[in-house]
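> quick one, structure for this:
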Amino acid sequence: MPSLSSLLLRIPDQFKPLAALGIGALILVVLVLLHGLGLHKVLVQFKRADLRLRSERPHLGRARFFFGWAVFQMLSLHVLEISVWGFALVQMGLILRPSDAVYFCANAYTTLGYGVVDLGMHWRIISPIIAICGLFTFAWTTSLLVSMVSSYSRLIEQLEEERAQELDMRAAAFKAEGEVLDREKEEERAELTAAQAQASRTSFFQRRRILRQDELKIRQLRSEAHQEVETIREKERLDECKLGDTTPQNDPEVKK
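Numbering: from 1, shown residues only. The predicted structure is shown next:
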């Protein structure tokens, strides 16, 4: 079976520009459609992560990671498309070395220029087609990136506010725990002082009975204080879990 490059050589020179135009247009349409599909997947993933982060405890690090991962995926789409153009030129026999083909396509795709590689007189129309492909895909990526940056800014703002609320809740809970423990120590000290004063005026056996009762009361005070501290901590944990947007996820794109 003849290769693609050998088939292209059989085309008369006067028809090669038309062939280049047709082949380039076909590759452009296919890549733009694939680019749109890829951007849709990136957007859906980002929206899902956005809704999940809004409904959970504030995680600023995870929000930054998901945004960076979305940007990396969009960059990967462009690198993949440049590689496809380079592969096509190598298969067509227009550029022999894959590294030169990728370099040429990267320069044309980003509209920087051709570099030191040229396709020849009959096939050079492919160069501006690659540039048009880059303009289409970069414009699409830019529009999506603007929307994602806006959503990311709102997400970070909400998470910052929730983080501040979370820290305030923890500080309030810590203060309440300290007040409970201080009150328990004061009551324990007062109970011990009263028991010692009462025991000093009694006999040995009565003194032992009073001290044992005092010890039981102190244990009860400590147990009540411990339970009150646990109640404060549990309430603080529940309040933290309530942070975030609890609205239903009605975005149809996120459910796809």
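> and the helices in this structure, which stretches?
4-9, 16-55, 60-91, 98-109, 126-199, 204-241 (DSSP state H).
> point out where the stretch 51-200 of the chain drops to low pLDDT.
114-116 (pLDDT under 70).
> what about 80?
55-58, 113-120, 162-163, 165-167, 169-170, 187-189, 191-200 (pLDDT under 80).
> what is the rounded mean pLDDT of stretch 26-36?
Averaging pLDDT along stretch 26-36 yields 95.
> number of nearby residues for Arg154?
Around Arg154 there are 12 other residues, counting by other CB atoms under 10 Å. The way it works is simple: take the backbone N, C-alpha and C, and place the C-beta from them, glycine included.
> now do it against Ser147, distance only.
Going from Arg154 to Ser147 by CB to CB, to the nearest Å gives 11 Å.
> looking at the helices of the chain, which one is packed in the most?
helix 98-109 (a mean of 20; mean count of other CB atoms under 10 Å).
> now do the contacts for the spatially closest residue to Glu187 that is not a sequence neighbour.
Take Glu187 and drop its neighbours on the chain: the residue closest to it by CB to CB, 6 or more residues apart in numbering is Leu221, 5.5 Å away. Applying CB atoms under 8 Å, 6 or more residues apart in numbering to Leu221 gives the contacts 184, 187-188, 191.
> which two in these are spaced the farthest apart?
The most widely separated members of the contacts of Leu221 are Glu184 and Glu191, with 10.4 Å between them, by CB to CB.
> let me know the outermost residue of the protein.
Ser203 (73.3 Å; CA atoms, centre = their mean).
> how much space separates the residue nearest the centre of the chain from Arg183?
The centre of the chain sits closest to Phe66, judged by CA atoms, centre = their mean, with a distance of 1.6 Å. Distance, Phe66 to Arg183, using CB to CB: 45 Å.
> and for Glu224?
Taking CB to CB, one finds Glu224 at 10 Å from Arg183.
> burial count for Gly113?
11.
> equivalent analysis for Leu112, please.
For Leu112, using other CB under 10 Å, the count is 11.
> so what's the backbone phi/psi at it?
Per-residue torsions, Leu112: phi -80, psi -30 (degrees, to the nearest 10).
> which residue packs closest to it, ignoring adjacent ones?
Ala106 (7.9 Å).
> ok, Leu192 - contacts?
214, 218.
> okay, now the domains of the chain?
4-159, 167-241 (automatic domain parsing).
> just to revisit the earlier point, just checking, the residue nearest to the centre of the chain touches Leu53?
Yes. Using CB atoms under 8 Å, Phe66 is in contact with Leu53, at 7.4 Å.
> how close does the nearest residue to Ser6 once chain neighbours are set aside sit to Ala172?
Distance criterion CB to CB, 6+ apart; nearest residue to Ser6, sequence neighbours excluded, is Gly93 at 7.8 Å. In this structure, Gly93 and Ala172 are 73 Å apart, going by CB to CB.
> for Ile82, which residues are in contact?
Ile82 sits in contact with 102, 105-106, 109, where contact means CB under 8 Å, 6+ apart.
> just give the nearest non-adjacent residue to the residue nearest to the centre of the chain, would you?
Nearest to Phe66 is Ala49, by CB to CB, 6+ apart, at 4.1 Å.
> nothing else from me, thank you.
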